[in-house]
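Trainee: let me see the structure of the following:
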Amino acid sequence: MSNQSILILVIAIVVVLALVAVSAMMMRKRKTEQDHARAEELRSEAAANTSAVDDSRRQAEAADLEAQQKRIEADRARLEAEQAEHQAAQVQQGVQVDEAHHEDTLRTADQVDPTVDHRADGYTPTSDTATSDIHESHPDQRPPS
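Mentor: As a prediction, the model looks like this:
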């Protein structure tokens, strides 16, 4: 092979390598441009979704606020129920006191009444309307006629 052939071969190799390098640079540049364009598309999509995200955030905040209001209402209702139960217990206690006082009065009346055997085993305090039943069940204890 002659010098001239070697020179042509070297030049051909350098040209091919240059073409490969230029081609690689063009492909890299094209890829960079495509990536940049894709990034812009993604940013546009994100910007378009910003209002949807804001709407979702507002809905979540509204739901949290509503839940908090419901908890406050439930706490208030629970407190009102406890107050009503307390008041009912006080009224019931008053009823028991009144019933005990009423029974004491009846027992005192029965102790004073000579026609009532308040020491009998089956004795229960009675009002005036019920004493006639006691007198009938105990004929020997009827009031004198």
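
Trainee: going forward, measure contacts and count neighbours with C-alpha atoms only.
Mentor: Noted.

Trainee: residue closest to the middle of the protein?
Mentor: In the chain, the residue lying closest to the centroid (CA atoms, centre = their mean) is Arg71, at 6.5 Å.

Trainee: how far away is Ala67 from Pro125?
Mentor: Applying CA to CA, to the nearest Å, the value for Ala67 to Pro125 is 57 Å.

Trainee: who has more neighbours, those two?
Mentor: Per other CA atoms under 10 Å, whichever of Ala67 and Pro125 has more neighbours is Pro125, with 18 against 12.

Trainee: residue ranges in the chain under the pLDDT threshold?
Mentor: Across the chain, the ranges flagged by pLDDT under 70 are 128-145.

Trainee: please, where are all the helices along the protein?
Mentor: Secondary structure of the chain (DSSP state H): helices at 3-112, 128-137.

Trainee: between the ones you listed, which one is nearest to His118?
Mentor: His118 lies closest to helix 3-112 among the helices of the chain, at 6.2 Å (CA to CA).

Trainee: count of residues packed around His102?
Mentor: Using other CA under 10 Å, His102 has 14 neighbouring residues.

Trainee: for Gln111, that is, sorry about that
Mentor: There are 15 residues near Gln111, going by other CA under 10 Å.

Trainee: now the one 4 residues further on
Mentor: Other residues near Thr115 number 18, with proximity taken as other CA under 10 Å.

Trainee: ramachandran coordinates for it?
Mentor: phi -90, psi 0 (degrees, to the nearest 10).
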